[in-house]
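Q: this one's sequence-less:
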């Protein structure tokens, strides 16, 4: 940029990205620059992105939002953690996606939710017919297999 030119909305986020990846040795992510918000967006998908979340929390002095459980396009349960902060006057939003198995506390919650759904649909488990028990066991086994994969 020369002395007579006006900075674009992308200038500050681009400079922040250079500083973040250069000065701070920030780990690799997929980055994009928003022209509408003049912000920086990063995303990372991994088996277990939790170490990266912690690293960026410390690096950017950010607070992660509550992890969100979702099902991806292939039917696998995944967890997303988002960080939203401002660093050097640039809004930064980071998205980290992990396999559900990286979040044992959410696996337990999923198992409880499955049981609750069956209890709501079929009342007293001591009254369940063999088909209901087999359906419950199949869904629970499928959840556990998915998490173990």
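A: On my side now, so go ahead. Only a predicted model underlies this, so the values are computations on that prediction, with no experimental measurement involved.

Q: in this protein, which residue is closest to the centre?
A: residue 80 (1.5 Å; C-alpha atoms, centre = their mean).

Q: quick one: buried residues of the strand or helix carrying that residue?
A: For residue 80, the host element (DSSP states H and E) is strand 77-87. For strand 77-87, the neighbour count (16 or more other C-beta atoms under 10 Å) marks 77-83, 85, 87 as buried. The C-beta positions use only the backbone N, C-alpha and C, and glycine is treated the same way.

Q: Please apply the same query to stretch 128-142.
A: Going by 16+ other C-beta under 10 Å, stretch 128-142 has these buried residues: 128, 136.

Q: Other residues contacting that stretch?
A: Contacts to stretch 128-142, defined as C-beta atoms under 8 Å, 6 or more residues apart in numbering, come from residues 111, 114-115, 118, 122.

Q: between those residues, which is closest to residue 56?
A: Of all the contacts of stretch 128-142, residue 56 sits closest to residue 111, with 29.7 Å by C-beta to C-beta.

Q: after the helix or strand hosting that closest one, next one along is what?
A: Counting by DSSP H and E, the element that carries residue 111 is helix 104-122. As assigned by DSSP H and E, the chain's next helix or strand after helix 104-122 is helix 130-148.

Q: what bits of this protein have low per-residue confidence?
A: Counting by pLDDT under 70, the chain shows low-confidence ranges at 1-7, 149.

Q: quick one: contacts of stretch 27-38?
A: In contact with stretch 27-38 (C-beta under 8 Å, 6+ apart) are residues 8-10, 12-14, 17, 39-44, 52, 55, 90-91, 94.

Q: Spit out the contact partners of residue 103.
A: Residue 103 neighbours (C-beta under 8 Å, 6+ apart): 50, 67, 79.

Q: if we go to 7 Å?
A: 67, 79 (C-beta atoms under 7 Å, 6 or more residues apart in numbering).

Q: And for residue 143?
A: 110-111, 114.

Q: how far away is it from residue 108?
A: The gap separating residue 143 from residue 108 is 11 Å, by C-beta to C-beta, to the nearest Å.

Q: helices and strands around the host helix or strand of residue 97, which ones?
A: Secondary structure assignment for residue 97, by DSSP H and E: strand 90-99. On a contact count with 3 or more C-beta pairs under 7 Å, 6 or more residues apart in numbering; DSSP states H and E, strand 90-99 meets helix 11-22, strand 40-45, helix 50-60, strand 77-87.
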